[in-house]
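Student: model the structure of this input:
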Amino acid sequence: MDESSETAPLLIPRSRRNSNARVSWNQSPYIGGQLEILERRGSVSDNYEVNNLGRRDSSINGPHFGLDFESENIPLSSDRRGSTQYNAINSSSRPRSPLATTIINAPLREARSTRVLSDRFESLDYDLVENTLLLKEEAQQTFVRVNRIQTQKWFVMFLIGAVVALIADMVVIVVDEISEFKYGRLRDLFDRCSTTSGDCLVQPLGLWILMNILPVLIGSVIVVYMSPAASGSGVAQVKCFLNGVKIPQFLRVQTLIAKIVGMVGSLTGGLAVGKEGPMIHIGAIVGAGISQGRLGPFDFHVFENFRSDAEKRDFVSAGVAAGIAAAFGAPVGGVLLILEEGASFWNQSLTWKVFFCSLVSVFTYNSIIGVYLDRPGDLSNSGLVNLGVMDNMSYLVYEIPIFLLMATFGGLLGAIFVSLNVWLTAFRHKHITSRVARVLEVVLIAAVSATVGFLLIYFIDDCQMMRDVTPQRTVQMLCSDGEYSTMATMLFQTSEKSVRNLLHDAPGTYKPITLGAFVIAYFFLACWTCGSWIPSGQFIPGLLIGAGWGRLVGIGVMRLMPGVSIDPGRYALIGAAAQLGGIVRMTISLTVILIESTGNITFGLPIMITLIVAQWIGNWFNSGLFDVHIKLLRVPLLDWEPPPLSSHLTAKDVMSYPVYTLKTTESVGAIVDLLHKVTHNGFAVVDEGELRNPLSDEPDTFGQMRGLILRSQLITLLQAKVFDQRLDIAAVRKRLNIQTFRDAYPRFPSIKSLNVTEEERRYTMNLTPYMNHSPYICYLTTSFPRIFKLFRALGLRHLVVVNNRNQVVGMVTRKDLAKFRVEMHRGKIKVEELHISNELRATTLTKGFP
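Tutor: Down below sits the predicted model:
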């Protein structure tokens with residue numbers, strides 16, 4: 001699309017582009033029909049060839065749409081069975097219309113291509129299936145039962161908050177003990193070196209590298225070989241799950257174990273990572289696990305009413321908020337982060353429950369950690385990331401422009417960080433593919449981190465005199481007696497302690513060269529570590545980088561205005577907010593988190609302004625870190641709002657067509673064959689009707705709409721053998737209730753695991769009691785924005801398209817909407833229509849979320 005054009009519409013699907021080529025479809029009588037080409041019209045050469053990459057390209061949605069072979073260069077040829085298949089292959093060898101929206105100039109296999117969606121990601125069923133079984137259960141409900149379910153929800157919220165806090169306590173205690181031993185040993189060895197002789201420094205350097213490699217190696221091996229989904233921070237996976245996308249192995253018990261062990265390994269291994277991101281993922285797993293009343297293969301038969309995607313979503317939201325609350329001591333910030341970044345559904349009742357869960361998490365964490373710190377009963381600890389209370393801080397009017405300049409710099413630096421990390425992630429996906437290579441990369445990062453730290457200590461001469469106010473633990477290193485090395489002191493402690501020191505240390509503690517060298521080195525180490533095969537959070541690295549250059553700005557202001565009392569700590573706080581905001585592009589939730597973790601509401605306005613400006617500047621160049629990685633991994637995520645200027649599109653333009661349907665009473669053999677043939681997860685249930693002429697301009701119809709049934713329901717019915725011809729069918733139907741489907745959730749058996757005899761294939765099944773009698777539908781003329789808002793607000797997975805006679809004509813799913821994506825770059829807006837490829841495996845793509 002010509003981005004400078006103001007008259008051309010932003011969104012023109014391929015189906016609307018000019019072409020003389022026409023394709024017509026023949027509908028086989030087999031359950032909704034099989035896609036076959038009957039006729040080709042127009043000047044299309046017979047020697048073209050096509051591969052079947054995407055099943056939902058809008059350019060092949062119906063006979064009334066023309067395929068633009070001129071602009072798309074999509075060829076046709078017959079396969080071995082004599083039928084013709086389609087492909088969304090694009091070629092840039094032919095000129096495009098100036099109104100063309102999608103410009104695909106990268107191969108589908110290119111790792112950095114974000115203009116493709118993977119067809120392997122499935123949606124979650126947030127919509128409640130209102131069938132006869134559910135209505136029967138609801139009719140038997142009493143107020144006592146309703147109150148008991150509500151009480152169970154509050155109790156589950158309490159358990160989630162408490163368990164997340166216990167895990168946080170365990171992690172912080174283990175990390176503190178191991179880090180104390182590690183850095184204490186290194187501190188003693190370095191302090192013994194009073195000269196620069198190689199024999200003296202080789203031993204502590206070798207020990208430093210070894211102590212970095214060992215825990216990192218253990219954590220990486222467990223993650224890579226046990227649960228690759230545990231790598232990264234987990235924030236991107238949480239956003240996808242709450243948006244309605246199923247992420248493979250995201251909420252498994254082995255993922256939880258690998259996440260905890262890997263997080264301890266990365267933190268004690270001295271990597272440039274934080275705890276907060278993994279705690280978000282841990283909270284999500286705990287929320288999903290406790291609410292289902294299961295632990296792996298063990299079923300405790302409790303909380304069985306919550307076994308659905310919709311209920312699990314609410315408890316996952318609570319677990320994420322509890323993870324943030326435990327990490328930062330910020331219960332309000334945890335609730336706001338869910339609202340700002342993840343939740344696709346929210347109400348007042350859920351707000352109170354999530355906030356209660358966050359408070360329980362903070363209270364439990366503080367109660368236990370107070371005992372560990374020999375302060376039993378002290379509930380004032382601020383979480384895993386203890387930034388310290390910043391009292392008596394104020395700012396003047398003339399400092400606002402300085403804060404704005406810092407926000408601009410933070411946005412620029414954040415955009416650079418994101419771009420570099422995207423390049424690294426693309427390199428990993430292309431070259432670092434074996435398990436051994438992934439582990440070796442993490443080991444290399446650990447060794448390089450220790451080596452870079454040693455070189456900084458050795459070459460940066462920043463020896464400070466011992467004062468009344470000094471860091472809690474100092475390292476003499478190569479300094480004289482009575483002095484300590486500020487660089488060594490910053491490196492020989494955990495990252496959050498370094499952030500706290502930069503915020504609270506007295507003026508004159510650090511030299512500019514120390515801060516500058518530390519920021520540059522840590523920036524590249526954090527960028528390299530982000531996305532590697534180890535649990536890693538990006539909040540603390542962002543805060544530490546920003547606090548470093550922010551304090552450097554404070555030193556500069558002090559020298560420019562020597563007569564004014566300047567606290568470089570407040571500039572460090574603004575720099576931390578600017579840098580983190582430039583990387584993750586959060587605003588209100590991050591503001592509240594920083595206010596709660598520092599205990600200073602005075603700086604609320606400057607922090608908010610800084611985060612907003614940093615977000616604007618960063619968005620001018622690229623999206624936030626998590627959003628870019630989600631696009632890079634081709635996840636069909638739905639934005640908050642539909643694409644602009646898309647009202648001219650209707651359901652007719654975006655629906656999947658033709659569709660597979662089932663009759664209200666269908667043969668078992670036909671159902672089994674259909675489930676083997678396609679991977680669709682929802683089927684319209686219809687009364688048989690006469691199909692329209694496939695050569696007409698109107699889309700074919702597939703019967704009178706009666707309801708919708710899911711693939712999981714059909715498999716459960718086949719497994720229970722609910723066949724009409726069974727002699728004991730009445731007893732089978734009596735035993736079958738809504739709880740049967742809940743017990744099978746979420747790991748429904750595969751259709752290949754079911755054994756259906758030839759005789760049973762001739763039986764029939766009545767689908768009427770089990771189908772959703774009132775699914776959401778839309779008409780052919782329904783506008784694209786209205787369809788988008790229905791999906792986004794209601795968490796739909798399927799939307800059946802009908803004509804004005806209530807006859808099924810198509811189906812809209814998440815991928816049909818997500819393929820229209822808005823891109824904003826350097827102030828220009830572009831809407832792209834993406835291709836959908838089933839060559840991209842979701843199980844491999846999810847291994848590498850930041």
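Student: name the helix or strand of this protein that has the lowest mean pLDDT.
Tutor: Scoring the helices and strands of the chain by mean pLDDT, DSSP states H and E places strand 37-41 at the bottom, with a mean of 29.
Student: flag the shaky bits of the protein, pLDDT-wise.
Tutor: Counting by pLDDT under 70, the chain shows low-confidence ranges at 1-114, 194-199, 342-344, 382-383, 392, 467-473, 689-699, 827, 838-850.
Student: show me it divided up by domain.
Tutor: For the chain, whose domains are defined here by automatic domain parsing, the residue ranges read 1-107, 143-176+228-384, 399-433+495-632, 651-817.
Student: got a markdown table for the ones you listed, with mean neighbour count and distance to Ile836 too?
Tutor: (Glycine included, C-beta is placed from N, CA and C.) Below are those laid out as a markdown table (neighbours: other CB atoms under 10 Å; distance: least, CB to CB, whole Å):
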| stretch | mean neighbour count | distance to Ile836 |
| --- | --- | --- |
| domain 1-107 | 16 | 4 |
| domain 143-176+228-384 | 22 | 14 |
| domain 399-433+495-632 | 22 | 14 |
| domain 651-817 | 18 | 6 |
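Student: next up, the contacts around Trp620.
Tutor: Contact partners of Trp620, counting by CB atoms under 8 Å, 6 or more residues apart in numbering, are Gly411, Ala415, His825, Arg826, Gly827.
Student: can you count the residues close to the fourth one?
Tutor: Counted with other CB atoms under 10 Å, the neighbours of Arg826 add up to 9.
Student: does it really touch Phe621, like I thought?
Tutor: Yes - taking CB atoms under 8 Å as the definition, Arg826 is a contact partner of Phe621 at 6.9 Å.
Student: give me the common contacts of the two.
Tutor: None of the residues lies in contact with both Arg826 and Phe621 under the rule CB under 8 Å, 6+ apart.
Student: and the strands in the stretch 451-600 of the chain?
Tutor: 463-465, 483-485 (DSSP state E, counting those that start in this stretch).
Student: tell me which of these lies nearest to Val808.
Tutor: Each of the strands of the stretch 451-600 of the chain was checked against Val808 via CB to CB, and the shortest separation belongs to strand 483-485, namely 73.7 Å.
Student: distance between that closest one and the chain's centre?
Tutor: In terms of CA atoms, centre = their mean, to the nearest Å, the gap separating the centre of strand 483-485 from the centre of its chain is 44 Å.
Student: partners of that strand, with directions?
Tutor: strand 463-465 (antiparallel) (DSSP bridges).
Student: please identify the buried residues of the partner strand?
Tutor: Cys463, Gln464 (16 or more other CB atoms under 10 Å).
Student: what about the residue lying closest to Trp528 once chain neighbours are set aside, which SS state?
Tutor: The spatial neighbour of Trp528 that comes closest, neighbours along the chain excluded (CB to CB, 6 or more residues apart in numbering), is Ile445 at 6.0 Å. Assigned by DSSP: H, G, I helix; E, B strand; the rest coil, the conformation of Ile445 is helix.
Student: contacts only, for Ile445.
Tutor: Taking CB under 8 Å, 6+ apart as the criterion, Ile445 is in contact with Val216, Leu271, Leu525, Trp528, Thr529, Ser532.
Student: surely Leu456 meets Phe518?
Tutor: Yes - with contact defined as CB under 8 Å, Leu456 and Phe518 form a contacting pair (6.6 Å).
Student: who touches both of those two?
Tutor: Listed contacts common to Leu456 and Phe518 are Met487; contacts here mean CB under 8 Å, 6+ apart.
Student: gap between the strand or helix carrying Leu717 and the chain center?
Tutor: Under DSSP states H and E, the secondary-structure element containing Leu717 is helix 711-720. For helix 711-720, the separation from the chain centroid amounts to 30 Å (computed by CA atoms, centre = their mean).
Student: what's the end-to-end length of stretch 623-638?
Tutor: 15 Å (CA to CA, to the nearest Å).
Student: how far does it sit from its chain's centre?
Tutor: Chain-centre distance of stretch 623-638: 8 Å, with CA atoms, centre = their mean.
Student: three-state assignment of Phe683?
Tutor: Taking three-state DSSP as the rule, one finds Phe683 in the strand state.
Student: which ones are touching the nearest residue to Gly569 once chain neighbours are set aside?
Tutor: In space, Gly569 comes closest to Leu503 once its chain neighbours are excluded; the distance is 4.9 Å by CB to CB, 6+ apart. Residues in contact with Leu503, defined by CB under 8 Å, 6+ apart, are Leu387, Gly388, Met390, Ala547, Gly569, Ala572, Leu573, Ala576, Thr598.
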